[in-house]
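Participant: Need a 3D model of the sequence below.
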Amino acid sequence: MIRPLLFRALLVAAISLCLIPLPTSAQDFCLEVARRGLFDTYAGKSFYSSYDESRTAYCRKYHEASSSNTGLFAAYEDINLDFTNSDTREKAELLCNNTYNLAKLLSSNELRAQALSANAVKIVQACVDAAGVRFNGTFPSEDRLTLDVFYVPKLGVAGSAVFTGPAEVKGSVTCNGPLKSVKKGTPLKNEAVGVACTRDASSSVENKEGPYGPYRIEKGGSLTVFTSAGLYDMEFPPKVVGPACAAQTLELAPKTLTGLCVGCLGSDYGSVITDTVAASNSGNAMLRVAEYEVDLTACGDYRLSFRYTSADSRPVRLSVDGVTWNTAALGRVTGTFAFSGQQEPPSPELILPLRAGHHVVRLERQGPFPHIGGARLHPY
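Facilitator: Sure thing, here's the model as predicted:
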């Protein structure tokens with residue numbers, strides 16, 4: 001994340017910014033700066049992998065929210081993933097929409113105020129500062145940052161600018177490049193001067209537990225750049241190192257049944273989980289329970305899906321490892337109880353992060369059960 005420590009008091013009017021288009025590479029970089037500033041302050045704390053992987057996971061949830069129940073993402077409850085909320089949707093739009101551009105960002109004060117942290121707004125503004133100093137560069141990974149600072153003359157601005165001081169490096173970062181050797185008062189020409197920084201092994205490590213298992217956070221250093229437009233601190237975001245996840249596809253078999261049996265209705269209905277005769281005779285007086293146990297060798301984001309049939313709605317309570325996720329799962333009406341009418345709905349019953357190890361999936365209902373022909377966990 002790139003963060004200015006000091007910037008000009010007067011922001012350039014949006015209309016003036018639009019008169020002087022940035023090169024495409026600079027636009028991409030400025031937009032990425034804003035996205036990183038927003039993600040780090042808004043969503044990054046809830047995802048436990050690299051920056052690219054984390055934002056991909058977040059945006060995948062956003063893009064699929066229109067066809068999925070956003071409540072399924074409750075594992076990330078320390079941020080608001082209800083994409084029906086306008087503020088959340090605007091943040092997600094900026095983070096995830098590839099057609100979003102800097103001109104749209106700069107032309108909407110309202111959007112900047114609602115969707116961006118104040119920090120990210122300043123970063124974008126610094127990219128098009130009236131003094132003519134612009135930032136350009138790349139973020140190949142959390143471990144490397146390549147930065148160019150260059151001067152482009154503008155209408156009404158003098159044809160030269162100077163650095164007000166040299167670059168300074170702090171923390172676990174090593175930087176090399178011409179920007180390191182620029183002296184105070186050196187004129188900036190139209191050509192770029194830059195610096196390439198690499199994260200060193202960090203001595204500041206924080207160990208935590210996440211939904212996929214233990215992970216560690218390595219703090220990064222920062223690079224301070226002195227320009228005629230102000231003082232800017234180029235800060236490496238924390239590097240998050242989590243367990244290697246590779247979700248599996250596993251078919252689940254019932255381990256424990258209460259008030260239920262498998263294939264006890266005869267060949268016409270097949271080997272489905274359904275009520276026992278005693279449960280059928282008791283109506284709603286008996287609690288039916290089906291438990292599945294699974295041992296995962298790999299962590300990951302998993303879909304939990306069921307294949308079932310039901311001529312009427314028979315919603316069940318769904319829990320995983322003792323935590324209730326849905327009180328009305330498997331409530332879809334398929335139109336028949338016949339074995340041939342089994343369906344696996346296009347939307348899974350649950351999407352959740354799981355760590356490697358033993359897990360228990362539990363279905364329960366005080367009343368007749370849907371006819372369940374199969375259950376599986378598969379990658380999200």
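
Participant: Thr138 versus the residue lying farthest from the centre of the chain, what's the distance?
Facilitator: Largest separation from the mean C-alpha position in the chain: Asn281, at 48.7 Å (C-alpha atoms, centre = their mean). For Asn281, the distance to Thr138 equals 70 Å [C-beta to C-beta, to the nearest Å]. Using the backbone N, CA and C atoms, a C-beta is placed for each residue, glycine as well.

Participant: Show me where the stretch 51-200 of the chain dips below the pLDDT cut-off.
Facilitator: Along the stretch 51-200 of the chain, the parts satisfying pLDDT under 70 run over 66-80, 102-132, 152-160.

Participant: switch the cut-off to 50
Facilitator: Applying pLDDT under 50 to the stretch 51-200 of the chain flags the ranges 69-77.

Participant: Strands of that one, residue ranges please.
Facilitator: For the stretch 51-200 of the chain, applying DSSP state E, counting those that start in this stretch gives strands covering 133-141, 144-151, 161-162, 168-170, 173-176, 187-188, 193-199.

Participant: mind giving me TSV with those and columns for mean neighbour count and distance to Lys91?
Facilitator: Output for the strands of the stretch 51-200 of the chain, formatted as TSV (neighbours: other C-beta atoms under 10 Å; distance: least, C-beta to C-beta, whole Å):
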stretch	mean neighbour count	distance to Lys91
strand 133-141	19	19
strand 144-151	21	24
strand 161-162	18	34
strand 168-170	14	30
strand 173-176	16	29
strand 187-188	16	35
strand 193-199	20	27
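
Participant: got these as a markdown table, with distance to Tyr292 columns?
Facilitator: Shown next, in a markdown table, are the strands of the stretch 51-200 of the chain (distance: least, C-beta to C-beta, whole Å):
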| stretch | distance to Tyr292 |
| --- | --- |
| strand 133-141 | 39 |
| strand 144-151 | 45 |
| strand 161-162 | 67 |
| strand 168-170 | 52 |
| strand 173-176 | 48 |
| strand 187-188 | 65 |
| strand 193-199 | 43 |
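
Participant: So which of these is nearest Trp325?
Facilitator: Minimum separation from Trp325 across the strands of the stretch 51-200 of the chain (C-beta to C-beta) falls at strand 133-141, 34.4 Å.

Participant: Pull up the pairing partners for the closest one, direction included.
Facilitator: strand 144-151 (antiparallel) (DSSP bridges).

Participant: what does the partner strand contact?
Facilitator: With C-beta atoms under 8 Å, 6 or more residues apart in numbering as the test, strand 144-151 has contacts from 132-140, 160-161, 179, 188-199, 223, 225, 227, 234, 236.

Participant: could you redo the last one with a cut-off of 7 Å?
Facilitator: Strand 144-151 is contacted by residues 132-139, 161, 179, 188-198, 225, 227, 234, 236 when judged by C-beta atoms under 7 Å, 6 or more residues apart in numbering.

Participant: List the residues that contact the closest residue to Ser204 other than its chain neighbours.
Facilitator: The spatially closest residue to Ser204, leaving aside those adjacent along the chain, is Lys219, at 4.3 Å (C-beta to C-beta, 6 or more residues apart in numbering). Lys219 is in contact with 202, 204, 238, counting by C-beta under 7 Å, 6+ apart.

Participant: can I assume the last one is in contact with Ile217?
Facilitator: Yes: because the distance of 4.9 Å satisfies C-beta atoms under 7 Å, Pro238 is recorded as touching Ile217.

Participant: per the record, what domains does this structure have?
Facilitator: 2-241, 250-379 (automatic domain parsing).

Participant: Tell me how far Glu206 lies from Val241.
Facilitator: 11 Å.

Participant: what about the two, which has more around it?
Facilitator: Neighbour totals were compared for Glu206 and Val241, and Val241 leads with 15 against 11 (other C-beta atoms under 10 Å).

Participant: partner residues bridging the more buried one?
Facilitator: Here Val241, judged by DSSP bridges, has bridge partners Arg216.

Participant: quick one, what contacts it?
Facilitator: Val241 neighbours (C-beta under 7 Å, 6+ apart): 215-216, 218.

Participant: What of Cys245?
Facilitator: Contacts of Cys245 by C-beta under 7 Å, 6+ apart are 212, 298-300.
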